[in-house]
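Undergrad: Task: produce atomic coordinates for the following.
(one chain, ligands or ions: 2)
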Amino acid sequence: MRTVLISGLGLIGSSIARIIKQADSTIQIIGVDPDDRSVDFLMAQLVIDQRRSFAEAAPLADLIVLAGPVSVIIEQINELVSLSLKPDVLVTDVGSSKVKIMAAATHLSARQVAFVGGHPMAGSDKVGSRFGRVDLFSGAAYFLVAQSQTDTQLNQFKRLMAPANVNWQMIDAKAHDHLVSELSHVPHIVATTLVNTVAKSLENNPLGLKVAAGGFKDTTRIAGASPEMWTAVALSNADEITRDLDQFKNQLSELQAAIKRGDRQRVFEIFEAASKIRKSLNH
Ligand SMILES: NC(=O)C1=CN([C@@H]2O[C@H](COP(=O)(O)OP(=O)(O)OC[C@H]3O[C@@H](n4cnc5c(N)ncnc54)[C@H](O)[C@@H]3O)[C@@H](O)[C@H]2O)C=CC1
Ligand SMILES: O=C(O)C(=O)Cc1ccc(O)cc1
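TA: Ligands and ions are numbered 1, 2, ... in the order given. Take a look at the predicted model:
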């Protein structure tokens, strides 16, 4: 692989650019992003080598990494279908949901363009290229959803991503979207709702959010993430998310009812169960 196109140079795209540059500094990285400041920053840092339009860059690339919001990833897969690409190019993405992206990519695979879905299960609430880091995904799972990639292409991609130090995890798209709805999408929605609810309730309170302790900040950190990115994620995994939110509301109602009727035993059991599980996650 000599030329890599990264489309979307935010937190995730810029981290992948840094990882690939660290793996092989002779690789030419072409960046695509409408945000001039992100591009200028990464050019100045020598993380990307060139800026081009998507349609201009795609035919030059041996590897194409789609790292915009999920809705943009789908648009760009559709655009790739009508472009003339290198015969051995591998196309991959980093989107937080996979079913809709994999469905769009079947049109690429039907044209003999190799595609493998991807999703690093790490990141942050920070937005943009300035927060990208080589070690952003270190120790985390990186999901791969097979479609039409060859073993050679996948191994080359993994070699380029070696400095990321991830745990590669093959999964199918439906199982992926179910898992991340529970582990990532619903938590994001819960954190968001908590912030909005508390802010509204306390809007006329002179102390209000200013005096919030670590508990409120810890449970809501992710609500500070990009609304653009999360709107695309939520709408792309709507069925799983709405089902999981129903379950969440049921559990919340159960705890609410136990508190209301003063059921010390049940309230204790619920807190105890969560406390044991949460402590077991500290590693
Ligand atoms: N933020 C996180 O922690 C994680 C995000 N993801 C996924 O990674 C993708 C990118 O997310 P972030 O880097 O966090 O967002 P970000 O907001 O930091 O970056 C997105 C970038 O895409 C660019 N963009 C928008 N339209 C574009 C277009 N038409 N062509 C090229 N670039 C375009 C934006 O200008 C921005 O620089 C999303 O699909 C997200 O679901 C995956 C894992 C973790
Ligand atoms: O900020 C955090 O801790 C996250 O969990 C970030 C994150 C956001 C979206 C993903 O698809 C995966 C990870």
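Undergrad: contacts for the lowest-mean-pLDDT helix or strand in the chain?
TA: Sorting the helices and strands of the chain by mean pLDDT, DSSP states H and E puts helix 214-220 at the bottom, at a mean of 93. Residues external to helix 214-220 that are found in contact with it (C-beta atoms under 8 Å, 6 or more residues apart in numbering): 191, 194, 195, 198, 209. Yep, even glycine has a C-beta here, placed from its N, CA and C like the rest.
Undergrad: Mind giving me the PyMOL command for buried ones among these?
TA: Restricted to buried positions by 16 or more other C-beta atoms under 10 Å, the PyMOL selection for the contacts of helix 214-220 reads:
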select buried, resi 191+195
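Undergrad: just the contacts of helix 214-220 now: which is nearest ligand 2?
TA: residue 191 (9.9 Å; C-beta to the nearest ligand atom).
Undergrad: what's near enough to touch that closest one?
TA: Applying C-beta under 8 Å, 6+ apart to residue 191 gives the contacts 219, 220, 221, 222, 223.
Undergrad: first to last residue in stretch 163-173, what's the distance?
TA: Counting by C-alpha to C-alpha, to the nearest Å, you get 26 Å between the two ends of stretch 163-173.
Undergrad: Just name whatever secondary elements the lengthiest strand in the chain is in contact with.
TA: Ordering each strand of the chain by length in residues (DSSP state E) puts strand 114-120 first. Judged by 3 or more C-beta pairs under 8 Å, 6 or more residues apart in numbering; DSSP states H and E, strand 114-120 is in contact with strand 90-93, helix 99-109, strand 141-145, helix 151-160, helix 173-180.
Undergrad: could you dump those to a markdown table with mean neighbour count, mean pLDDT and distance to ligand 1?
TA: Shown next, in a markdown table, are these (neighbours: other C-beta atoms under 10 Å; pLDDT from 0 to 100; distance: least, C-beta to the nearest ligand atom, whole Å):
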| stretch | mean neighbour count | mean pLDDT | distance to ligand 1 |
| --- | --- | --- | --- |
| strand 90-93 | 26 | 98 | 7 |
| helix 99-109 | 19 | 98 | 9 |
| strand 141-145 | 21 | 98 | 9 |
| helix 151-160 | 15 | 98 | 16 |
| helix 173-180 | 19 | 98 | 9 |
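Undergrad: could these be laid out in CSV, adding distance to residue 227?
TA: Below are those laid out as CSV (distance: least, C-beta to C-beta, whole Å):
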stretch, distance to residue 227
strand 90-93, 20
helix 99-109, 19
strand 141-145, 24
helix 151-160, 30
helix 173-180, 18
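Undergrad: Of those, give the one that comes closest to residue 75.
TA: helix 99-109 (8.8 Å; C-beta to C-beta).
Undergrad: Just give the strands next to the longest strand of the chain in its sheet, each with its orientation.
TA: As defined by DSSP bridges, the strand partners of strand 114-120 come to strand 90-93 (parallel), strand 141-145 (antiparallel).
Undergrad: Check residue 209 and give its pLDDT.
TA: Residue 209 is assigned 88 on the pLDDT scale.
Undergrad: Hmm, residue 198 and it touching each other?
TA: Yes - look at residue 209 against residue 198 with C-beta atoms under 8 Å: they come within range, at 6.9 Å.
Undergrad: Could you check which helix or strand contains whichever residue of the stretch 101-250 of the chain sits closest to ligand 1?
TA: Closest to ligand 1 within the stretch 101-250 of the chain is residue 123: 1.8 Å, counting by C-beta to the nearest ligand atom. For residue 123, there is no enclosing helix or strand under DSSP states H and E.
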